[in-house]
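Colleague: predicted model and sequence follow; I will ask about them next.
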Amino acid sequence: MTDYSPLGGDPTKPLRLGTRRSKLAMAQSGMVADAVREVTGRAVELVEITTYGDVSREHLAQIGGTGVFVAALREALARGEVDFAVHSLKDLPTTQPEGLVLAAVPEREDPRDALVARDGLTLAQLPSGARIGTGSPRRMAQLNAYARSHGLDMETVAIRGNVDTRIDFVRSGELDAVVLAAAGLSRLGRTGEVTDFLSTDTVLPAPGQGALAIECAEDSTELAAALAELDDPHTRVAVTAERALLAALEAGCSAPVGALADLLADGQTVNELRLRGVVGSTDGTSLVQLSITGSVPTSHDDAAAFGRELASEMLAKGAAGLMGERAL
Ligand SMILES: NCc1[nH]cc(CCC(=O)O)c1CC(=O)O
């Protein structure tokens, strides 16, 4: 595919966007397709690709955690079957494979986790004995730590599945609440079902949560340049710092690691970046939670250094010992 340039050649040919087939992935890809049509003036067609993460009923962690949703899309890219692919950034492994580039990270949606509980309950209103469903060790660790510090007797229950499956646990009365990414619900037009947007002081999201990643082959230089118009520099800086933290902790997307970089503004001027990180045991008995603030990084390397610095401070406080239980 060395001299294959999707933006050159026949302009009547649609650009092929590789996507997972879940409702959420299709919604995300549809939004990106619209934006790409706008910036390129080209037709964009969605090519659905089934990934192992979509067909397996096993818990994500058991089938290898990091990257199960991503591998099949990348293979299709590498084989030249699609021109570009859209991923949820939080599902992307932190190492960039040879030959592929992260052409754009568009403006991030709400990064917070959201509670969908019975009877409109907020986290603070959940009664003792409440059962909360989540398959994420990161969410478990922080929810259990919250319960402990508030003297609440809550139980986190391991579940997995798509958005409908997870919300059905609440509808059916099997669970009192489930926790999902607010961004996913928003892209599906379902924020109305959220009963509480969880404060990032209580639950830090996964690194990159709420952001999308648009990836293409490195040698599709014209396409990469066109896609770069969809890049949001502030989001890019934030997620670069968050993912460098994750990488330096040597953790994957199923590790109990939360991170969020905020740009702090003084009036209209963005002048500082705050990066918060957390790692915890899933039972919530121990959490290492730290934050650093500094001037806004002006390069990819500076943003990554920001993440590595927080990681080394967390490791000095015992973070490594809390990631032993990879997965559930
Ligand atoms: N791990 C699955 C996954 N990957 C991305 C999202 C939501 C969208 C996003 O974070 O951008 C979800 C679902 C969830 O965590 O509820």
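Modeller: Done, it's in. Numbers count the residues shown, from 1 in each chain.

Colleague: so Leu273, which state does it fall into?
Modeller: Using DSSP: H, G, I helix; E, B strand; the rest coil, the structure places Leu273 in strand.

Colleague: contact partners for the residue lying closest to it once chain neighbours are set aside?
Modeller: Among residues not flanking Leu273 along the chain, Val296 sits closest, at 5.0 Å (Cβ to Cβ, 6 or more residues apart in numbering). Every residue, glycine included, has its C-beta placed from N, CA and C. Shown in contact with Val296 (Cβ atoms under 8 Å, 6 or more residues apart in numbering): 237, 263, 270-273.

Colleague: for ChimeraX, what selects the buried ones among those residues?
Modeller: Selecting the buried subset of the contacts of Val296 in ChimeraX, with 16 or more other Cβ atoms under 10 Å as the burial test, is done by:
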select :237,273
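
Colleague: quick check, nearest of the contacts of Val296 to the ligand?
Modeller: Closest approach to the ligand among those (Cβ to the nearest ligand atom): Val237, at 17.4 Å.

Colleague: do I have it right that the closest one meets Leu263?
Modeller: Yes: with contact defined as Cβ atoms under 8 Å, Val237 counts as touching Leu263 (7.5 Å).

Colleague: any shared contact partners between the two?
Modeller: Residues touching both Val237 and Leu263 (Cβ under 8 Å, 6+ apart) are 273, 296.

Colleague: quick check: closest non-adjacent residue to Arg190.
Modeller: Val163 (7.2 Å).

Colleague: break down the chain into its helices, ranges please.
Modeller: 23-40, 52-55, 71-78, 137-149, 163-171, 182-187, 221-227, 233-248, 300-316 (DSSP state H).

Colleague: closest one to Ala85 among the ones you listed?
Modeller: Within those, the stretch nearest Ala85 is helix 71-78; the backing value is 4.3 Å (Cβ to Cβ).

Colleague: tally of neighbours for the residue lying closest to Pro11 once chain neighbours are set aside?
Modeller: Spatial nearest neighbour of Pro11, chain neighbours left out: Arg42 (6.5 Å); criterion: Cβ to Cβ, 6+ apart. Neighbour count of Arg42, defined by other Cβ atoms under 10 Å: 17.

Colleague: residue contacts, Arg42?
Modeller: Residues near Arg42 by Cβ under 8 Å, 6+ apart: 7, 11, 14-15, 36.

Colleague: surely Gly30 meets Leu46?
Modeller: Yes: with contact defined as Cβ under 8 Å, Gly30 counts as touching Leu46 (7.3 Å).

Colleague: give me the nearest residue to the closest residue to the ligand within the stretch 1-150 of the chain, chain neighbours excluded.
Modeller: Nearest residue of the stretch 1-150 of the chain to the ligand (Cβ to the nearest ligand atom) works out as Ser88 at 3.4 Å. Counting by Cβ to Cβ, 6+ apart, Leu212 is the residue found nearest to Ser88 once chain neighbours are left out, at 6.5 Å.

Colleague: quick one: that neighbour from the ligand, how far?
Modeller: Distance from Leu212 to the ligand, counting by Cβ to the nearest ligand atom, to the nearest Å: 7 Å.

Colleague: I'd say that residue and Ala103 touch.
Modeller: No: with contact defined as Cβ under 8 Å, Leu212 does not reach Ala103; the gap is 11.4 Å.

Colleague: under the pLDDT cut-off, which ranges of the stretch 201-328 of the chain? List them.
Modeller: Scanning the stretch 201-328 of the chain for pLDDT under 70 picks out 251-254, 324-328.

Colleague: now it against the ligand: closest residue?
Modeller: Gln209 (4.1 Å).

Colleague: and the residue nearest the centre of this structure?
Modeller: Of all residues in the chain, the one closest to the mean position by Cα atoms, centre = their mean is Lys90, 2.4 Å from it.
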